[in-house]
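Peer 1: Need a 3D model of the sequence below.
(one chain, ligands or ions: 1)
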Amino acid sequence: MIATGIGYDVHRLVAGRPLVLGGVEIPHPLGLEGHSDADVLCHAIADAILGAAGEPDIGHLFPNTDPAIRGISSLEILRRVRSVLEEKSIRLHNIDATLIAEEPKISPHLTLMKERIGAALNLPVTRVGIKATTNESLGFTGRGEGMAALASACVDRPE
Ligand code: MG
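Peer 2: All right, here's what the predicted structure looks like:
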């Protein structure tokens, strides 16, 4: 059957951390805080795919209490999600995601993000959608306290 899934994630912005979004390190005074590289975009995408696949969420697969995954690249998380799909004969059709952040501009990095996410998921870049929007200065994203991401995924899977 064709199934869709949604994903949502938030990470706090802090000093002293690299900013990694969509598998790309972006020069910025602040980075996202988290157990892994805190790539909020990849995390939302992983959850959308796992949801479409009928699997438990990313926190179940990658508990933030596990020292083995401290500092892990979220592209590796996507590669592991891809192996879950392969084990269950689930075919990923496409993903689409939106980053919500006041700054920095991510348009200069979109092509590389799509390439890296596509490579991790074995998905042509034409099936990887990434968009970004500000929150019009409203709320925690608007105040620059953190970033949020939303994602959807569509798969074809056995019932
Ligand atoms: Mg996360």
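Peer 1: Going by C-alpha atoms from here, please, whenever you check contacts or count neighbours.
Peer 2: Noted.
Peer 1: What residues sit buried inside the helix or strand where Ala3 lies?
Peer 2: Taking DSSP states H and E as the definition, Ala3 sits inside strand 2-15. By neighbour count with 16 or more other CA atoms under 10 Å, strand 2-15 contains the buried residues Ala3, Thr4, Gly5, Ile6, Gly7, Tyr8, Asp9, Val10, His11, Arg12, Leu13, Val14.
Peer 1: And for stretch 54-64?
Peer 2: Asp57, Ile58, Phe62.
Peer 1: same deal with stretch 125-132?
Peer 2: Val125, Val128, Gly129, Ile130, Ala132.
Peer 1: ditto for stretch 142-154
Peer 2: Gly142, Gly144, Glu145, Gly146, Met147, Ala148, Ala149, Leu150, Ala151, Ser152, Ala153, Cys154.
Peer 1: could you give the mean pLDDT of it?
Peer 2: For stretch 142-154, mean pLDDT rounds to 98.
Peer 1: which other residues reach it?
Peer 2: Contact with stretch 142-154 is made by 2-14, 32, 40-41, 44-45, 47-49, 52, 92-103, 134-137, 140-141, as judged by CA atoms under 8 Å, 6 or more residues apart in numbering.
Peer 1: Please put the alpha-carbon coordinates of that stretch into CSV.
Peer 2: In CSV, the C-alpha atoms belonging to stretch 142-154 read as follows (Å, rounded to 0.1, in the frame of the first residue of the first chain):
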residue,chain,number,x,y,z
GLY,A,142,11.3,33.9,15.6
ARG,A,143,13.4,35.0,18.6
GLY,A,144,16.3,32.8,17.3
GLU,A,145,16.1,30.5,20.4
GLY,A,146,15.9,27.4,18.2
MET,A,147,15.0,25.9,14.9
ALA,A,148,12.2,23.6,13.9
ALA,A,149,11.6,21.3,11.0
LEU,A,150,8.6,19.6,9.5
ALA,A,151,8.8,16.7,7.0
SER,A,152,6.6,14.3,5.1
ALA,A,153,7.4,11.0,3.4
CYS,A,154,5.6,8.7,1.0
